[in-house]
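# Got a sequence here, can you model it:
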Amino acid sequence: MISQIHISNEKYRSERSAELAAACDITSNSISIVYYDLAMKRRYARTALVGTAVTAQNALKELAKLMITSMRGYGIGASAIKSVGVAAPVHIESVLDELSEALYLPPETEIFFVPYISAGISGRFTASLLTLPDGELLMADIGRQLCIARKSADGIVCAAFALTGAFDGSGIESGMPAESGAIDAVRREKDGSIVYEVVGDRDSVGVSPCGAAMAVNVMRGTGSVDADGIMTDRDLFFIGEDFFISQSDVRVIQSDKARCRAAFEVFPRAGRTFLSGEPFATETGLRAMLELGALPESCAGAGFCRNSAEQGIIMCLESAEARQKAAEISRSAKDITEELMEKFDNFYFDNLSF
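Residues are numbered from 1 along each chain as shown. Next comes the predicted model:
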C-alpha cells in the first residue's frame with residue numbers, strides 16, 4: 001500500500017441547498033465522504049482519503065479530521081449537515097459512538113450506522129444489498145474481503161471470505177484504491193512498450209487493483225510470469241518510471257484471484273450477477289478480472305460499479321423506508337460462511353495456477 005496519505009476532493013455542483021447529508025464509507029485503507037443534497041436530490045461533492053491504515057484506534061480521529069477539513073473547503077457549515085450515515089467494518093463501527101461530538105455538529109443532527117449482518121459481514125455489504133433490483137440474483141463486493149449474497153424469494157443467504165489485499169490495494173507495494181492519481185489501466189502496445197492511464201488524468205501516485213490485475217495479465221501474456229506465479233525474467237515489472245509490480249505483488253494477486261474464484265465456485269448460483277469493488281471502476285477492470293481467472297465466465301455480462309456501498313448509505317439518508325429495509329436485511333440475511341469453508345479451501349488450491 002502507498003505510504004503517503006493522499007486526499008482527493010471533487011465538487012460536482014456550484015449550487016446547493018442548506019440541507020445536506022454526509023455519506024461516510026470506511027474501509028481498512030480508505031475513507032470517503034459524499035455530501036448529498038437532500039433538497040435537490042443530487043450529489044454535491046466527494047472527498048476521499050487513502051494511504052493510511054484505518055483501524056479501531058484511529059478511525060474516529062481520521063473521519064472527524066477529514067470531514068471537518070472537507071466541510072471547510074467546500075464552505076459547508078455545521079448547521080447545513082442534517083444527517084450523517086456511516087458504513088464501516090464491524091470493529092470500527094463499534095468505536096464511533098462519539099462521532100457527533102467529534103464533528104461538533106448540532107445536537108439534532110441524526111447519526112445513522114448501517115447495520116451489519118454478522119460479525120464478519122459489515123454494514124458496507126448491507127448498504128450494497130440495498131441498491132439491488134428485485135428478483136433472484138447474485139451480488140458480490142470485492143475488496144479486503146469478498147462478500148457474496150444470493151437473493152431469492154426465500155430470502156438472502158450470504159458469506160464472506162478473507163482476501164490478502166490485491167483487490168483493495170492494501171496488499172500491493174504501491175497499491176491504492178481507484179481514487180484520483182491511481183494507475184487504473186496498463187497495456188502493452190504492438191511495439192512492446194508499456195502504457196498506462198491514470199484516474200483524473202494527473203500525476204500518478206499509486207497502482208489501483210484494476211491496474212495491478214492488468215499488469216499481471218500483460219506479464220502472463222509475455223511469459224514474464226509462469227503458471228506457478230513466478231516472475232521468470234526480472235525482479236520488477238515497471239509501470240512508467242516510478243511504480244512497479246513485484247514478485248510479492250504477483251503472489252498476493254495470485255492468492256486473491258484463487259480465493260475469489262473459489263468463492264464463486266462454492267456459493268449458490270443465480271441468473272443475474274452484480275459486482276462491486278475497486279477492480280470494477282471501469283469495464284476494463286471487469287475484463288481484467290475475467291482474464292485473470294478471478295471470476296467465472298458467467299460474470300462476463302454482470303452489472304458492475306466501483307462502490308455500491310456509498311449509494312446504499314445515501315439511500316438510507318434519504319428515506320426511513322430504506323433504513324427499515326436495511327434493518328430487515330440485517331435481521332434476516334443468513335451467513336453461511338462456515339458451511340462453505342471446507343469446499344472453499346479445496347477450490348482455492350485448485351485455482352492457484354494462472
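# Of all the helix elements in this protein, which one is longest?
Looking across the chain with DSSP state H, the single longest helix is helix 247-266.
# tell me the mean pLDDT over it?
Averaging pLDDT along helix 247-266 yields 98.
# what bits of the chain have low per-residue confidence?
For the chain, no stretch is flagged by pLDDT under 70.
# Geometric centre of it: which residue is closest?
Nearest residue to the geometric centre of the chain (C-alpha atoms, centre = their mean): residue 277, 3.9 Å.
# ok, that residue touching residue 167?
Yes: between residue 277 and residue 167 there is a contact under C-beta atoms under 8 Å: 6.2 Å. Every residue, glycine included, has its C-beta placed from N, CA and C.
# Common neighbours of these two, please.
142, 143, 209 (C-beta atoms under 8 Å, 6 or more residues apart in numbering).
# Just give me the closest of those to residue 53.
Within the shared contacts of residue 277 and residue 167, the smallest distance to residue 53 is 14.1 Å, found for residue 143 (C-beta to C-beta).
# separation between the closest one and residue 25?
According to C-beta to C-beta, to the nearest Å, residue 143 and residue 25 sit 11 Å apart.
# By neighbours, which of the shared contacts of residue 277 and residue 167 wins?
residue 209 (33 neighbours; other C-beta atoms under 10 Å).
# quick one: it from residue 19, how far?
Remark: distance between residue 209 and residue 19 (C-beta to C-beta) = 36 Å.
# repeat for residue 280
From residue 280 to residue 19 the distance is 32 Å (C-beta to C-beta).
# Those two: which is more packed in?
residue 280 (28 against 14).
# before we move on, back to that, for the longest helix of the chain, name the packing helices and strands.
Packing partners of helix 247-266 (3 or more C-beta pairs under 8 Å, 6 or more residues apart in numbering; DSSP states H and E): strand 137-142, strand 145-152, strand 155-162, helix 209-222, helix 283-292, helix 337-350.
# Work out the gap between the first one and the centre of the chain.
Relative to the centre of its chain, strand 137-142 is centred 12 Å away, using C-alpha atoms, centre = their mean, to the nearest Å.
# Within the sheet, what are the partner strands of that strand, with directions?
Partners of strand 137-142 in the sheet, by DSSP bridges, are strand 145-152 (antiparallel), strand 272-277 (parallel).
# any idea what residue 132 is structurally, helix, strand or coil?
coil (DSSP: H, G, I helix; E, B strand; the rest coil).
# Test my guess that it contacts residue 273.
No: the pair residue 132 / residue 273 is not scored as a contact, 10.8 Å apart, by C-beta under 8 Å.
# Need the overlap of contacts for these two.
residue 139.
# neighbour-wise, which of those two wins?
Neighbour count, other C-beta under 10 Å: between residue 132 and residue 273, residue 273 has more, with 21 against 18.
# Once you drop chain neighbours, what's closest to the residue nearest to the centre of the chain?
residue 142 (3.7 Å; C-beta to C-beta, 6 or more residues apart in numbering).
# how far away is that neighbour from residue 266?
16 Å.
# out of everything not next to it in sequence, what's closest to residue 92?
Of all residues not flanking residue 92 in the chain, residue 59 sits nearest, at 4.6 Å (C-beta to C-beta, 6+ apart).
# ok, so what distance separates that neighbour from residue 123?
Counting by C-beta to C-beta - residue 59 and residue 123 are separated by 13 Å.
# Overlap in contacts, the two.
Taking C-beta under 8 Å, 6+ apart as the criterion, residue 59 and residue 123 both touch residue 88.
# Please say which of the two ends up with more neighbours.
residue 123 (29 against 23).
# Wait, the more buried one touches residue 93, no?
Yes: look at residue 123 against residue 93 with C-beta under 8 Å: they come within range, at 6.4 Å.
# quick one: residue 312 and residue 130 touch, right?
Yes: at 4.1 Å, residue 312 counts as touching residue 130 under the criterion of C-beta under 8 Å.
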